[in-house]
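*Asks:* predicted model follows, preceded by the sequence.
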Amino acid sequence: MSGLPDPPALGASALPAGTFKDEVVIVTGGGTGLGKAIAVEFARLGASVAIVSRDEGHRKAGVEAVEQAGGKAFATACDIRDAEQVKATFDAVEDALGLAGTLVNNAAGNFPVPAEDLSPNGWRAVTQIVMDGTFFCSREFGRRHIAAKTPGSIVNIGASYAWTGGPGFAHSSAAKAAVKNMTETLAVEWAPYGIRVNCLVPGLFPHEDEAAHIKGVSERGEGEDQRQPAGRVGAPRELGWAATFLSSPYAAYITGATLTVDGANWQRRHMLMPEFRPIREQLGKEPFTG
Ligand code: HXC
Ligand code: NAP
(Lines give C-alpha, C1' and ligand atoms only; values in the text may rest on other atoms or scores of the structure.)
(Ligands and ions follow the chains in the order given, each with its own letter.)
Protein backbone atom coordinates (compact mmCIF):
# COMPACT_ATOMS: atom_id res chain seq x y z
CA MET A 1 0.00 0.00 0.00
CA SER A 2 1.47 3.32 -1.01
CA GLY A 3 -0.83 5.69 0.92
CA LEU A 4 -1.70 9.16 -0.27
CA PRO A 5 0.58 10.58 -2.98
CA ASP A 6 3.30 13.06 -2.21
CA PRO A 7 2.39 16.70 -2.91
CA PRO A 8 3.92 18.74 -5.74
CA ALA A 9 7.36 20.18 -5.03
CA LEU A 10 7.98 23.32 -3.01
CA GLY A 11 7.53 26.31 -5.34
CA ALA A 12 4.51 24.90 -7.18
CA SER A 13 1.21 26.75 -6.92
CA ALA A 14 -2.41 25.98 -7.73
CA LEU A 15 -3.28 29.67 -7.93
CA PRO A 16 -2.40 32.07 -10.74
CA ALA A 17 0.83 34.05 -10.35
CA GLY A 18 0.12 37.43 -8.77
CA THR A 19 -3.08 36.33 -7.01
CA PHE A 20 -2.03 38.45 -4.01
CA LYS A 21 -0.25 41.24 -5.93
CA ASP A 22 -0.65 44.55 -4.07
CA GLU A 23 -2.15 42.65 -1.13
CA VAL A 24 -0.86 42.76 2.44
CA VAL A 25 -0.98 39.69 4.66
CA ILE A 26 -0.35 39.51 8.40
CA VAL A 27 0.86 36.16 9.72
CA THR A 28 1.09 35.88 13.51
CA GLY A 29 3.90 33.54 14.47
CA GLY A 30 5.06 33.78 10.84
CA GLY A 31 8.74 33.37 11.70
CA THR A 32 8.67 29.65 12.49
CA GLY A 33 7.24 26.36 11.30
CA LEU A 34 3.83 26.38 9.69
CA GLY A 35 3.39 30.15 9.96
CA LYS A 36 6.62 30.65 8.03
CA ALA A 37 5.51 28.13 5.37
CA ILE A 38 2.19 29.97 5.02
CA ALA A 39 3.94 33.36 4.80
CA VAL A 40 6.16 32.02 2.02
CA GLU A 41 3.24 30.80 -0.11
CA PHE A 42 1.52 34.20 0.14
CA ALA A 43 4.81 35.89 -0.79
CA ARG A 44 5.27 33.61 -3.79
CA LEU A 45 1.87 34.80 -5.05
CA GLY A 46 2.86 38.46 -4.82
CA ALA A 47 1.82 39.48 -1.30
CA SER A 48 3.66 41.77 1.07
CA VAL A 49 3.84 39.91 4.37
CA ALA A 50 4.02 41.20 7.93
CA ILE A 51 5.56 38.80 10.43
CA VAL A 52 4.23 39.38 13.93
CA SER A 53 5.71 37.62 16.96
CA ARG A 54 7.66 38.07 20.20
CA ASP A 55 11.13 36.78 19.36
CA GLU A 56 13.44 38.85 17.17
CA GLY A 57 15.29 35.81 15.82
CA HIS A 58 12.02 34.22 14.76
CA ARG A 59 10.88 37.38 13.02
CA LYS A 60 14.22 37.67 11.20
CA ALA A 61 13.85 34.11 9.90
CA GLY A 62 10.34 34.90 8.67
CA VAL A 63 11.50 38.04 6.87
CA GLU A 64 14.34 36.15 5.18
CA ALA A 65 12.00 33.39 4.03
CA VAL A 66 9.46 35.85 2.61
CA GLU A 67 12.14 37.83 0.80
CA GLN A 68 13.67 34.66 -0.62
CA ALA A 69 10.25 33.82 -2.06
CA GLY A 70 10.20 37.21 -3.79
CA GLY A 71 7.89 39.03 -1.39
CA LYS A 72 8.20 42.30 0.46
CA ALA A 73 8.46 41.67 4.20
CA PHE A 74 7.91 43.68 7.35
CA ALA A 75 8.28 42.49 10.93
CA THR A 76 7.11 43.87 14.21
CA ALA A 77 7.29 42.69 17.81
CA CYS A 78 4.01 41.81 19.47
CA ASP A 79 2.68 39.63 22.23
CA ILE A 80 -0.83 38.95 20.92
CA ARG A 81 -2.12 38.43 24.47
CA ASP A 82 -1.98 42.21 24.91
CA ALA A 83 -4.75 44.05 23.00
CA GLU A 84 -2.81 47.36 23.13
CA GLN A 85 0.22 45.74 21.52
CA VAL A 86 -2.04 44.23 18.88
CA LYS A 87 -3.49 47.66 18.05
CA ALA A 88 -0.01 49.21 17.81
CA THR A 89 1.09 46.33 15.60
CA PHE A 90 -1.77 46.82 13.16
CA ASP A 91 -0.93 50.55 13.04
CA ALA A 92 2.72 49.74 12.30
CA VAL A 93 1.80 47.28 9.54
CA GLU A 94 -0.61 49.77 7.98
CA ASP A 95 2.06 52.50 8.02
CA ALA A 96 4.68 50.21 6.51
CA LEU A 97 2.69 48.22 3.96
CA GLY A 98 -0.93 49.39 3.94
CA LEU A 99 -4.11 47.84 5.33
CA ALA A 100 -3.77 44.06 5.44
CA GLY A 101 -6.43 42.23 3.39
CA THR A 102 -5.64 38.88 5.01
CA LEU A 103 -4.93 37.94 8.60
CA VAL A 104 -3.58 34.49 9.42
CA ASN A 105 -4.06 33.77 13.13
CA ASN A 106 -1.35 31.15 13.38
CA ALA A 107 0.50 31.97 16.63
CA ALA A 108 0.03 29.43 19.41
CA GLY A 109 1.58 28.21 22.62
CA ASN A 110 1.29 24.68 23.92
CA PHE A 111 2.93 22.06 26.13
CA PRO A 112 1.84 18.55 27.12
CA VAL A 113 0.74 18.26 30.74
CA PRO A 114 -1.72 16.14 32.77
CA ALA A 115 -4.63 18.44 33.68
CA GLU A 116 -4.12 17.92 37.42
CA ASP A 117 -0.55 19.27 37.10
CA LEU A 118 -1.51 22.33 35.05
CA SER A 119 -1.09 25.58 37.05
CA PRO A 120 -3.53 28.47 36.64
CA ASN A 121 -0.69 30.44 35.04
CA GLY A 122 0.07 27.65 32.58
CA TRP A 123 -3.62 27.44 31.66
CA ARG A 124 -3.71 31.21 31.16
CA ALA A 125 -0.48 31.34 29.14
CA VAL A 126 -1.83 28.95 26.52
CA THR A 127 -5.48 29.99 26.43
CA GLN A 128 -4.55 33.67 26.27
CA ILE A 129 -2.22 33.13 23.31
CA VAL A 130 -4.60 30.87 21.38
CA MET A 131 -8.05 32.17 22.25
CA ASP A 132 -7.54 35.79 23.39
CA GLY A 133 -4.77 36.47 20.87
CA THR A 134 -6.88 35.17 18.00
CA PHE A 135 -9.79 37.35 19.07
CA PHE A 136 -7.74 40.49 19.67
CA CYS A 137 -6.13 40.24 16.22
CA SER A 138 -9.45 39.40 14.53
CA ARG A 139 -11.19 42.29 16.27
CA GLU A 140 -8.50 44.74 15.19
CA PHE A 141 -8.69 43.44 11.61
CA GLY A 142 -12.50 43.47 11.50
CA ARG A 143 -12.87 46.99 12.91
CA ARG A 144 -10.43 48.43 10.37
CA HIS A 145 -12.19 46.81 7.42
CA ILE A 146 -15.67 47.69 8.63
CA ALA A 147 -14.58 51.33 9.00
CA ALA A 148 -12.82 51.39 5.63
CA LYS A 149 -15.65 49.49 3.87
CA THR A 150 -13.14 47.06 2.40
CA PRO A 151 -13.34 43.24 2.20
CA GLY A 152 -10.94 40.92 3.99
CA SER A 153 -10.13 37.34 4.87
CA ILE A 154 -9.18 35.77 8.19
CA VAL A 155 -7.67 32.29 8.37
CA ASN A 156 -7.52 30.83 11.87
CA ILE A 157 -5.21 27.90 12.45
CA GLY A 158 -7.00 25.30 14.55
CA ALA A 159 -6.43 21.74 15.73
CA SER A 160 -8.70 18.69 15.51
CA TYR A 161 -8.68 18.13 19.26
CA ALA A 162 -11.01 21.14 19.25
CA TRP A 163 -13.81 18.65 18.59
CA THR A 164 -12.31 15.36 19.83
CA GLY A 165 -10.84 16.62 23.12
CA GLY A 166 -7.09 16.43 23.64
CA PRO A 167 -5.82 14.37 26.60
CA GLY A 168 -2.52 15.95 27.72
CA PHE A 169 -3.50 19.29 26.16
CA ALA A 170 -6.51 20.51 28.20
CA HIS A 171 -5.55 24.17 27.73
CA SER A 172 -4.78 24.09 24.03
CA SER A 173 -7.71 21.86 23.03
CA ALA A 174 -10.20 24.07 24.92
CA ALA A 175 -8.71 27.19 23.34
CA LYS A 176 -8.72 25.66 19.84
CA ALA A 177 -12.39 24.76 20.36
CA ALA A 178 -12.95 28.45 21.05
CA VAL A 179 -11.10 29.33 17.86
CA LYS A 180 -13.32 27.04 15.77
CA ASN A 181 -16.42 28.45 17.43
CA MET A 182 -15.21 32.04 16.99
CA THR A 183 -14.67 31.33 13.29
CA GLU A 184 -18.32 30.39 12.94
CA THR A 185 -19.61 33.40 14.89
CA LEU A 186 -17.44 36.01 13.20
CA ALA A 187 -18.15 34.59 9.73
CA VAL A 188 -21.85 35.36 10.21
CA GLU A 189 -21.35 38.72 11.93
CA TRP A 190 -18.91 40.00 9.33
CA ALA A 191 -20.15 38.50 6.04
CA PRO A 192 -22.33 41.60 5.48
CA TYR A 193 -19.11 43.66 5.54
CA GLY A 194 -17.34 41.40 3.03
CA ILE A 195 -15.07 39.80 5.63
CA ARG A 196 -14.64 36.05 5.43
CA VAL A 197 -13.47 33.96 8.40
CA ASN A 198 -12.32 30.36 8.02
CA CYS A 199 -10.43 27.82 10.07
CA LEU A 200 -7.60 25.65 8.76
CA VAL A 201 -6.74 22.57 10.78
CA PRO A 202 -3.36 20.89 10.32
CA GLY A 203 -2.82 17.26 11.16
CA LEU A 204 0.70 16.16 12.01
CA PHE A 205 3.15 18.52 10.32
CA PRO A 206 6.65 18.05 11.76
CA HIS A 207 9.05 20.89 11.03
CA GLU A 208 12.52 22.07 12.02
CA ASP A 209 11.29 24.81 14.37
CA GLU A 210 9.15 22.61 16.62
CA ALA A 211 9.34 23.69 20.27
CA ALA A 212 11.42 21.29 22.40
CA HIS A 213 8.45 20.41 24.62
CA ILE A 214 6.39 19.38 21.57
CA LYS A 215 9.24 17.55 19.86
CA GLY A 216 10.09 15.84 23.15
CA VAL A 217 6.75 14.02 23.50
CA SER A 218 7.61 10.35 23.96
CA GLU A 219 7.96 8.43 20.65
CA ARG A 220 7.67 11.64 18.60
CA GLY A 221 9.78 11.37 15.47
CA GLU A 222 9.61 7.57 15.39
CA GLY A 223 7.63 5.99 12.56
CA GLU A 224 5.38 9.01 12.21
CA ASP A 225 4.49 8.26 8.60
CA GLN A 226 3.28 4.80 9.60
CA ARG A 227 1.05 6.28 12.31
CA GLN A 228 -1.03 8.02 9.65
CA PRO A 229 -3.77 6.48 7.46
CA ALA A 230 -2.19 8.46 4.61
CA GLY A 231 1.15 6.68 5.13
CA ARG A 232 2.82 10.04 5.50
CA VAL A 233 2.80 13.23 7.57
CA GLY A 234 1.92 16.63 6.09
CA ALA A 235 4.41 18.87 4.30
CA PRO A 236 4.23 22.50 5.54
CA ARG A 237 3.79 23.80 1.97
CA GLU A 238 0.49 21.89 1.78
CA LEU A 239 -0.85 24.06 4.56
CA GLY A 240 0.46 27.16 2.78
CA TRP A 241 -1.45 26.18 -0.35
CA ALA A 242 -4.65 25.65 1.65
CA ALA A 243 -4.28 29.02 3.42
CA THR A 244 -3.69 30.91 0.17
CA PHE A 245 -6.68 29.20 -1.46
CA LEU A 246 -8.96 30.10 1.48
CA SER A 247 -7.94 33.76 1.23
CA SER A 248 -8.07 33.93 -2.56
CA PRO A 249 -10.91 35.26 -4.73
CA TYR A 250 -11.56 31.61 -5.74
CA ALA A 251 -12.90 30.99 -2.23
CA ALA A 252 -15.11 34.11 -2.25
CA TYR A 253 -18.19 32.14 -1.13
CA ILE A 254 -16.39 30.08 1.52
CA THR A 255 -16.75 31.44 5.02
CA GLY A 256 -17.37 29.94 8.44
CA ALA A 257 -15.76 26.73 7.19
CA THR A 258 -13.20 24.49 8.85
CA LEU A 259 -10.85 22.78 6.41
CA THR A 260 -8.92 19.88 7.90
CA VAL A 261 -5.66 18.97 6.19
CA ASP A 262 -4.64 15.78 7.98
CA GLY A 263 -4.95 12.79 5.63
CA ALA A 264 -8.05 11.67 7.60
CA ASN A 265 -5.98 11.08 10.71
CA TRP A 266 -8.51 12.42 13.18
CA GLN A 267 -11.20 9.98 11.99
CA ARG A 268 -9.05 6.88 12.47
CA ARG A 269 -10.29 4.14 14.78
CA HIS A 270 -8.98 0.66 15.54
CA MET A 271 -11.42 -2.26 15.33
CA LEU A 272 -10.01 -3.22 18.71
CA MET A 273 -8.54 -0.21 20.46
CA PRO A 274 -4.98 -0.59 21.78
CA GLU A 275 -4.56 -1.02 25.53
CA PHE A 276 -5.51 2.23 27.28
CA ARG A 277 -2.65 4.18 28.85
CA PRO A 278 -3.53 7.07 31.20
CA ILE A 279 -2.00 10.40 30.24
CA ARG A 280 0.42 10.48 33.24
CA GLU A 281 1.87 7.19 32.05
CA GLN A 282 2.12 8.39 28.43
CA LEU A 283 4.00 11.48 29.61
CA GLY A 284 6.24 9.43 31.94
CA LYS A 285 4.95 11.21 35.08
CA GLU A 286 5.06 9.76 38.60
CA PRO A 287 1.66 9.13 40.27
CA PHE A 288 -0.07 12.36 41.38
CA THR A 289 0.47 13.03 45.08
CA GLY A 290 -1.23 16.41 45.35
C1 HXC B 1 4.15 22.55 32.66
C2 HXC B 1 4.59 24.73 32.00
C3 HXC B 1 5.38 24.27 30.91
C4 HXC B 1 5.53 22.84 30.76
C5 HXC B 1 5.35 26.44 30.86
N6 HXC B 1 4.61 26.08 31.91
N7 HXC B 1 5.84 25.34 30.22
N8 HXC B 1 3.98 23.89 32.85
N9 HXC B 1 4.89 22.02 31.65
N10 HXC B 1 6.26 22.33 29.75
C11 HXC B 1 3.93 26.97 32.85
C12 HXC B 1 4.96 27.76 33.66
O13 HXC B 1 5.46 27.01 34.76
C14 HXC B 1 4.13 28.96 34.09
O15 HXC B 1 3.29 28.64 35.17
C16 HXC B 1 3.21 29.19 32.91
O17 HXC B 1 3.17 27.95 32.17
C18 HXC B 1 3.71 30.29 32.01
O19 HXC B 1 5.03 29.95 31.62
P20 HXC B 1 6.01 31.04 30.97
O21 HXC B 1 7.24 30.33 30.51
O22 HXC B 1 6.17 32.20 31.90
O23 HXC B 1 5.11 31.54 29.75
P24 HXC B 1 5.45 32.32 28.47
O25 HXC B 1 6.87 32.84 28.49
O26 HXC B 1 4.36 33.27 28.27
O27 HXC B 1 5.44 31.18 27.33
C28 HXC B 1 4.25 30.63 26.85
C29 HXC B 1 4.40 29.11 26.65
C30 HXC B 1 5.67 28.76 25.86
C31 HXC B 1 3.12 28.60 25.97
C32 HXC B 1 4.48 28.46 28.05
O33 HXC B 1 5.82 27.36 25.75
C34 HXC B 1 5.67 29.37 24.48
O35 HXC B 1 5.96 30.55 24.32
N36 HXC B 1 5.36 28.61 23.43
C37 HXC B 1 5.35 29.07 22.03
C38 HXC B 1 5.75 27.96 21.09
C39 HXC B 1 4.85 26.76 21.19
O40 HXC B 1 4.51 26.32 22.31
N41 HXC B 1 4.48 26.21 20.06
C42 HXC B 1 3.62 25.05 20.03
C43 HXC B 1 2.56 25.25 19.05
S44 HXC B 1 2.27 23.62 18.43
P45 HXC B 1 3.67 28.95 36.73
O46 HXC B 1 2.50 28.46 37.48
O47 HXC B 1 4.95 28.18 37.02
O48 HXC B 1 3.88 30.43 36.83
C49 HXC B 1 0.70 23.21 18.61
C50 HXC B 1 0.46 21.81 18.11
C51 HXC B 1 -0.91 21.34 18.36
O52 HXC B 1 -0.11 23.94 19.08
C53 HXC B 1 -1.05 19.86 18.14
C54 HXC B 1 -0.16 19.02 19.01
C55 HXC B 1 -0.49 17.53 18.98
P1 NAP C 1 5.55 26.94 16.32
O2 NAP C 1 6.64 26.80 15.30
O3 NAP C 1 5.87 26.71 17.74
O4 NAP C 1 4.93 28.39 16.12
C5 NAP C 1 4.24 29.10 17.07
C6 NAP C 1 4.45 30.56 16.74
O7 NAP C 1 3.61 31.35 17.58
C8 NAP C 1 5.88 31.02 16.95
O9 NAP C 1 6.35 31.62 15.77
C10 NAP C 1 5.77 32.06 18.07
O11 NAP C 1 6.66 33.15 17.80
C12 NAP C 1 4.33 32.51 17.96
N13 NAP C 1 3.80 32.95 19.26
C14 NAP C 1 3.64 32.19 20.38
N15 NAP C 1 3.16 32.94 21.37
C16 NAP C 1 2.98 34.20 20.87
C17 NAP C 1 2.50 35.41 21.42
N18 NAP C 1 2.09 35.48 22.69
N19 NAP C 1 2.44 36.52 20.61
C20 NAP C 1 2.86 36.45 19.32
N21 NAP C 1 3.32 35.32 18.75
C22 NAP C 1 3.39 34.20 19.52
O23 NAP C 1 4.30 26.00 15.98
P24 NAP C 1 3.73 25.37 14.61
O25 NAP C 1 3.87 23.91 14.70
O26 NAP C 1 4.30 26.09 13.43
O27 NAP C 1 2.20 25.70 14.78
C28 NAP C 1 1.56 26.71 13.99
C29 NAP C 1 0.06 26.59 14.19
O30 NAP C 1 -0.38 25.31 13.76
C31 NAP C 1 -0.39 26.72 15.65
O32 NAP C 1 -1.62 27.41 15.69
C33 NAP C 1 -0.57 25.29 16.08
O34 NAP C 1 -1.47 25.15 17.16
C35 NAP C 1 -1.10 24.67 14.80
N36 NAP C 1 -0.91 23.21 14.71
C37 NAP C 1 0.30 22.69 14.42
C38 NAP C 1 0.44 21.33 14.26
C39 NAP C 1 1.74 20.72 13.87
O40 NAP C 1 1.79 19.51 13.63
N41 NAP C 1 2.82 21.45 13.76
C42 NAP C 1 -0.67 20.50 14.43
C43 NAP C 1 -1.90 21.05 14.75
C44 NAP C 1 -2.02 22.44 14.86
P45 NAP C 1 7.49 33.89 18.97
O46 NAP C 1 8.08 32.81 19.85
O47 NAP C 1 8.51 34.66 18.19
O48 NAP C 1 6.51 34.76 19.68
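*Replies:* Right, received. Where do you want to start? Ligands and ions are numbered 1, 2, ... in the order given.
*Asks:* residue contacts, Ile26?
*Replies:* Residues near Ile26 by Cβ atoms under 8 Å, 6 or more residues apart in numbering: Val49, Ala50, Val52, Phe90, Val93, Ala100, Thr102, Leu103, Val104, Cys137, Phe141. Backbone N, C-alpha and C define where each C-beta goes, glycine included.
*Asks:* so what touches the longest helix anywhere in the chain?
*Replies:* Ranked by residue count under DSSP state H, the longest helix found in the chain is helix 170-190. Applying Cβ under 8 Å, 6+ apart, the contact partners of helix 170-190 are 105, 108-110, 113, 115, 118, 122-123, 125-127, 129-131, 134-135, 138, 142, 146, 154, 156-159, 161-166, 195-199, 255-258.
*Asks:* does whichever helix or strand comes after that helix reach ligand 1?
*Replies:* Next helix or strand after helix 170-190 toward the C-terminus (DSSP states H and E): strand 195-202. No: Strand 195-202 does not reach ligand 1 (Cβ under 6 Å from any ligand atom); its nearest approach is 7.8 Å.
*Asks:* so what does strand 195-202 touch, helix or strand wise?
*Replies:* Under the contact definition 3 or more Cβ pairs under 8 Å, 6 or more residues apart in numbering; DSSP states H and E, strand 195-202 sits against helix 133-148, strand 152-157, helix 170-190, helix 236-247, strand 258-261.
*Asks:* surely Ala108 and Ile157 touch.
*Replies:* Yes: between Ala108 and Ile157 there is a contact under Cβ atoms under 8 Å: 7.1 Å.
*Asks:* can you pull the contacts of the nearest residue to Lys149 once chain neighbours are set aside?
*Replies:* Nearest in space to Lys149, with sequence neighbours left out and distances taken as Cβ to Cβ, 6 or more residues apart in numbering, is Tyr193 at 7.7 Å. Counting by Cβ under 8 Å, 6+ apart, Tyr193 touches Gly142, His145, Ile146, Lys149, Pro151.
*Asks:* so how far is ligand 1 from Tyr193?
*Replies:* For Tyr193, the distance to ligand 1 equals 30 Å [Cβ to the nearest ligand atom, to the nearest Å].
*Asks:* least confident secondary structure element in this protein?
*Replies:* helix 212-215 (a mean of 88; mean pLDDT, DSSP states H and E).
*Asks:* burial measure for Leu239, as a count.
*Replies:* Residues lying near Leu239 (other Cβ atoms under 10 Å) number 26.
*Asks:* what do you get for Pro249?
*Replies:* 11.
*Asks:* quick one: contacts for it?
*Replies:* Thr19.
*Asks:* repeat that for Arg196.
*Replies:* Arg196 is in contact with Pro151, Gly152, Ser153, Ile154, Ala187, Trp190, Leu246, Ser247, Ala251, Ala252, Ile254, Thr255, counting by Cβ under 8 Å, 6+ apart.
*Asks:* let's see that with 6 Å instead.
*Replies:* The contact partners of Arg196, by Cβ atoms under 6 Å, 6 or more residues apart in numbering, come to Ser153, Thr255.
*Asks:* any idea what it is bridged to?
*Replies:* Ser153 (DSSP bridges).
*Asks:* now it: how far from ligand 2?
*Replies:* 19 Å.
*Asks:* what's the answer for Ala211, then?
*Replies:* 5 Å.
*Asks:* where in the stretch 1-150 of the chain is pLDDT low?
*Replies:* Scanning the stretch 1-150 of the chain for pLDDT under 70 picks out no residues.
*Asks:* got the residues of the stretch 1-150 of the chain near ligand 2?
*Replies:* Within the stretch 1-150 of the chain, the positions near ligand 2 by Cβ under 6 Å from any ligand atom are 28-29, 31-35, 53-55, 58, 78-81, 106-109, 129, 133.
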